[in-house]
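S.K.: With the input below, show me the fold.
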Amino acid sequence: MSLRVPLLALLLASVVVSARADLFTSPAQSFETADRIVLRKGERRLSVYRNGQEIRTYKVSLGLSPVGDKEREGDYRTPEGSYLLTRRNPDSDFFLSIQVSYPDAQDVATARRNGVPPGGAIMIHGLPNIMRHARDRYLSTDWTDGCIALSNEDMLEIWLLTRPDTPIEITP
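M.R.: Residues are numbered from 1 along each chain as shown. Here you go, the predicted structure:
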């Protein structure tokens, strides 16, 4: 049996125990999910909305070259535009991950016109399962290849608050 399963169980248990009380204030609220996510890249803030009201805000880390829209594979930029949260991966190289529907048809067409591949596999995820740096470094700098990274505790909340096809708007 690998260490990954017991460590994940221990982490999940500690997160549940230390979770913000307002996430679970009433049975009805705990089962409601987000209807929209907004990422403000310049602010490094991801906001969760339900019924037009902001219910959560998280600090995020972005790609190594965060300014500007993603133009091609390998540019280390986080895309900008309207997408959906699609495939969920509980067995990622990072603590949980949810795929963003980048590239869309417009992204592919733009990349094709420029003669470059658009890239893909843009995810919202937690910290690496195997960390090569101190936790604080991951939480205080942009370090991904173009993804949106959160603390593991915040990623668990996003995982619980979203469903497949939740819209995400990514703004400069």
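S.K.: This structure: helices as residue ranges?
M.R.: Ranges of helices in the chain, per DSSP state H, are 4-18, 27-31, 105-114, 135-140, 152-161.
S.K.: Now do the contacts for the closest residue to Thr141 other than its chain neighbours.
M.R.: Nearest non-adjacent residue to Thr141, counting by C-beta to C-beta, 6 or more residues apart in numbering: Ser61, 6.4 Å away. Placement of C-beta: from N, CA and C, glycine included. With contact set as C-beta atoms under 8 Å, 6 or more residues apart in numbering, Ser61 has these partners: 44, 138-144, 148-150.
S.K.: rerun at 10 Å
M.R.: Each residue near Ser61 by C-beta atoms under 10 Å, 6 or more residues apart in numbering is listed here: 44, 78, 127, 137-144, 147-151.
S.K.: Which PyMOL command selects the buried ones in the residues you listed?
M.R.: Remark: buried members of these, expressed as a PyMOL selection using 16 or more other C-beta atoms under 10 Å:
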select buried, resi 44+78+127+138+139+142+143+144+147+148+149+150+151
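S.K.: and the two most separated of the contacts of Ser61?
M.R.: Farthest pair in the contacts of Ser61 (C-beta to C-beta) is Thr78 and Arg137. Separation: 18.4 Å.
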